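Q: got a sequence here, can you model it:
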Amino acid sequence: MSSSRTANGSASRSTPRSGGGRSGAARPAAGRRTDPSSTRASGGGRRRAPSTAVRAPGRAPARSGGAPPRPRAGSAVRGRPGDPGRRQRWIMVVAALVLTVFVGRLVQVQIFQGPALAAKAQEARTTHSVELAHRGDIVDTNGRVLATSVDRYTISADTLAIQGFQGGQRVDTDTGRAVQDGALGIAQLLAPILDEDPAELAAKLNGDDRYVILQRNAVPEVQRAIAKLDLQAYIRTELTSRRTYPAGVVAGTLVGFVDRDQVGQGGLERAYEDVLAGTDGKVTYERGRDGVPIPGSERDATEAVPGSDVQLTIDSDVQWKAEELLDDAVSKTGAQYAMAVVEDVRTGQVLAVADSGDVDPNDRSTSAVANGSRAVKDVFEPGSTGKVITMAAALEEGYWSPDSQFRVPYRYTTPNGESFKDSHEHPEQRLTLAGVLAHSSNTGTVQIGEKIPLDVRYDYLGKFGFGNPTGLGLPGESAGILPSEQTLAHDARTPYAILFGQGVAVNAMQATQVFSTIANGGVRVEPSLVAGTRAPDGTFTPAEAPGEDRVVSEKTAASVMRMMESVVGEEGTAANARVPGYRVAGKTGTAQMWTGSGTTYMASFIGVAPADDPRYTVSVFLRSPQSSIFGGVVAAPVFSDLMGYTLQKMDVPPSATPFKPYPLTW
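A: Coordinates of the predicted model:
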């Protein structure tokens, strides 16, 4: 039985119920036994005395009034989860393991991978820049610049880096407004310099590309203005070069052009690329993320070596005059195009290689500049100018003399049945060998040449340069067409046709060389366009002396020159080629040309002056003239003007001795 107190302090009793249950009674804790002797009655009620409980194994001691149990004196608490000693030991073990991992990784990175990682990091921050070598100039014989290079810049942007641009305290100098962040801010600063609309420029600057070209060929003033903006981390200015041609159309097809990388692609620019180009320099340095070189970092620089200047034998004044005269001739005659060559007979130096039509290397809107000079590229039958070779061979080999006599009909049939005729119908003429050349008779030339063995005829064509490159070295030059001797031996007609300039093909320079060889006393000098090169330090190196070959004797050459003077005389075919004050020797040519649509003609005149003391050879060619097909009519007047200009320009004194012609008839 237990007791309890009511609110007024009296005790009430509760009697345990029968039937195995209690009401209002306190049960002993599970596993705990109560000693009956420990209970006493006091003052009308019973009070429970404290008892000593025996703790069952594995159970916690009973609590009284919620107070935590106290361990017995001298007892030890072991294996409890909250044991600080054990926790400290575990922490030390884990810390030791982590430290071991870090130390191992540190050893791996610094000792084993260190050199490779350091090299990789250095490579990442190392950059290279190319220092372009200045391309050499091309100048004429008097030092006038025909081609030169000027500094230009390519402006590019790193649009990915621009995303992080901060305008900060910058102010737009044009509007006075604060500079915005990102692409808009860069556009505010850059647009006035590049002369672009800020909004359009900002659109270009938006993106995640590391290299976007904003402008090419910017002048140095633009580059300096951009440099003052201090935008190296976002905007780059790369030094480039631009080729310009101050003379414009003068010698345009001859000089050629370069591509975007400043590499020669045509004409002399390509032929002398190795001399003009020089060697680019290279700078290697370390830079930070902003693109600025790291102060004190390693820097390796190889200086650029400028190219050398190329000095030509071309006289730009003579070249200009030749082009002007050719354009005028094309306009007057309706020719498809025209060509001219001016050569110094003594040195082989070429003063002009001209084509009709304005070709300006500064203008890349058409492909005209890439076509090259027709004077070395186009080939055609020499026509009657080739008769000079036949006359020289006949005299040199002793088969005939200048006054040898021939009966010359309009039509002549060779022993093998091949028939040839002259350009104009005429009764039989009684002409000397000199007269055959002066009248440009095909039938007379065949009679002269048929006495010359085929191998001798073929040999002289090669000696005068047919079938071989001229030596000028221009891109696209043709060696012409010279059939093999075996081919000619099995051809009934061509062995005779080559005697008067048919059956073979040459370019304008090759045809000119025949006359220069005769004018130079029978010695063929390889033609040249380059007088020498000038190094960056100013040292001038002359070009190698041209090769020389004697083709005919001086006596034969003098005889042929005297015969050619009659061509320009009263009875000749080229009275229009005369130059007042100077004796002129030359030959007309009218050669048939077969095309896909039919037959056309190349009208020409090649001459030398002064004939008594030869200095220059001038040749003029017109393709498909409409006013006349004869060289004496359309080409000879152009020769007269061009030769007269050249002689006066070079201060060549007039002829002092009179002309004594060979007899032309008998």
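
Q: shaky segments in the protein?
A: Flagging of the chain using pLDDT under 70 yields the residue ranges 1-82, 113, 117-119, 121-126, 128-129, 285, 287-293, 296-299.

Q: one more pass at 50, please.
A: The model of the chain has pLDDT under 50 over residues 1-64, 74-77.

Q: for the stretch 151-300 of the chain, what spans make up the strands?
A: For the stretch 151-300 of the chain, the strands defined by DSSP state E, counting those that start in this stretch cover 212-218, 235-244, 257-258, 264-266, 281-286, 299-302.

Q: CSV for the ones you listed, including distance to residue 133 and mean neighbour count?
A: For every residue, glycine as well, the C-beta is placed using N, CA and C. Listed next are those as CSV, based on distance: least, Cβ to Cβ, whole Å; neighbours: other Cβ atoms under 10 Å:
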stretch, distance to residue 133, mean neighbour count
strand 212-218, 18, 16
strand 235-244, 9, 18
strand 257-258, 13, 22
strand 264-266, 14, 21
strand 281-286, 7, 15
strand 299-302, 11, 12
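
Q: closest one to residue 518 among the ones you listed?
A: strand 264-266 (32.6 Å; Cβ to Cβ).

Q: need the strands of the stretch 151-300 of the chain in a markdown table (columns: distance to residue 150).
A: Formatted as a markdown table, these follow (distance: least, Cβ to Cβ, whole Å):
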| stretch | distance to residue 150 |
| --- | --- |
| strand 212-218 | 9 |
| strand 235-244 | 5 |
| strand 257-258 | 13 |
| strand 264-266 | 17 |
| strand 281-286 | 18 |
| strand 299-302 | 23 |
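
Q: between these, which gets nearest to residue 621?
A: Proximity to residue 621 (Cβ to Cβ) singles out strand 264-266 among those, at 21.4 Å.

Q: hmm, who's touching the closest one?
A: Applying Cβ atoms under 8 Å, 6 or more residues apart in numbering, the contact partners of strand 264-266 are 256-259, 270-273, 276-277, 369-370, 372, 475.

Q: surely residue 464 touches residue 518?
A: No: Residue 464 lies out of contact with residue 518 (Cβ atoms under 8 Å); the separation is 9.0 Å.

Q: which residues do those two both contact?
A: Contacts common to residue 464 and residue 518, judged by Cβ under 8 Å, 6+ apart, are residue 392.

Q: more neighbours: those two, which one.
A: residue 518 (32 against 26; other Cβ atoms under 10 Å).

Q: host element of the more buried one?
A: Element membership of residue 518, judged by DSSP states H and E, is helix 508-519.

Q: continuing past that helix, what's the next helix or strand?
A: strand 523-525.

Q: heading C-terminal from that following strand, find the next helix or strand.
A: Remark: after strand 523-525, the chain's next helix or strand is strand 530-534, criterion DSSP H and E.

Q: could you point out which element follows that next one?
A: Next helix or strand after strand 530-534 toward the C-terminus (DSSP H and E): strand 540-542.

Q: who does that next one pair up with?
A: According to DSSP bridges, strand 540-542 forms sheet pairs with strand 530-534 (antiparallel).

Q: residue 517 and residue 441, how far apart?
A: From residue 517 across to residue 441, the span is 23 Å (Cβ to Cβ, to the nearest Å).

Q: and the longest helix belonging to the chain, how far out from the chain middle?
A: Longest helix of the chain, by residue count under DSSP state H: helix 84-107. Here helix 84-107 is found 65 Å from its chain centre; the criterion is Cα atoms, centre = their mean, to the nearest Å.

Q: could I have that helix exported to CSV, CA atoms only?
A: C-alpha atoms of helix 84-107 as CSV (Å, rounded to 0.1, in the frame of the first residue of the first chain):
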residue,chain,number,x,y,z
PRO,A,84,38.0,12.1,-25.9
GLY,A,85,41.2,10.1,-25.8
ARG,A,86,40.0,7.7,-28.4
ARG,A,87,38.7,10.6,-30.6
GLN,A,88,42.0,12.3,-30.5
ARG,A,89,43.8,9.2,-31.5
TRP,A,90,41.5,8.8,-34.5
ILE,A,91,42.0,12.4,-35.5
MET,A,92,45.7,12.1,-35.4
VAL,A,93,45.6,9.0,-37.6
VAL,A,94,43.4,10.7,-40.2
ALA,A,95,45.6,13.8,-40.1
ALA,A,96,48.6,11.7,-40.6
LEU,A,97,47.1,10.0,-43.6
VAL,A,98,46.0,13.3,-45.2
LEU,A,99,49.4,14.8,-44.6
THR,A,100,51.0,11.8,-46.1
VAL,A,101,48.9,12.2,-49.2
PHE,A,102,49.7,15.9,-49.5
VAL,A,103,53.4,15.3,-49.0
GLY,A,104,53.4,12.5,-51.6
ARG,A,105,51.6,14.7,-54.1
LEU,A,106,54.0,17.5,-53.3
VAL,A,107,57.0,15.3,-54.0
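
Q: now the helices for the stretch 501-650 of the chain?
A: Using DSSP state H, counting those that start in this stretch, the helices of the stretch 501-650 of the chain run over residues 508-519, 554-567, 631-634, 636-649.

Q: how about the helices of the stretch 151-300 of the chain, start to end?
A: Counting by DSSP H, counting those that start in this stretch, one finds helices in the stretch 151-300 of the chain at the ranges 159-162, 182-194, 198-205, 220-227, 252-255, 267-271, 273-277.

Q: ok so, going back, go through the strands of the stretch 151-300 of the chain and name the closest to residue 326.
A: Residue 326 lies closest to strand 264-266 among the strands of the stretch 151-300 of the chain, at 19.9 Å (Cβ to Cβ).

Q: parallel or antiparallel, which strands does that closest one pair with?
A: strand 257-258 (antiparallel).

Q: mind checking how far the partner strand is from the chain centre?
A: 7 Å.

Q: what does stretch 131-149 give?
A: Centroid separation between stretch 131-149 and its chain, computed with Cα atoms, centre = their mean, is 16 Å.
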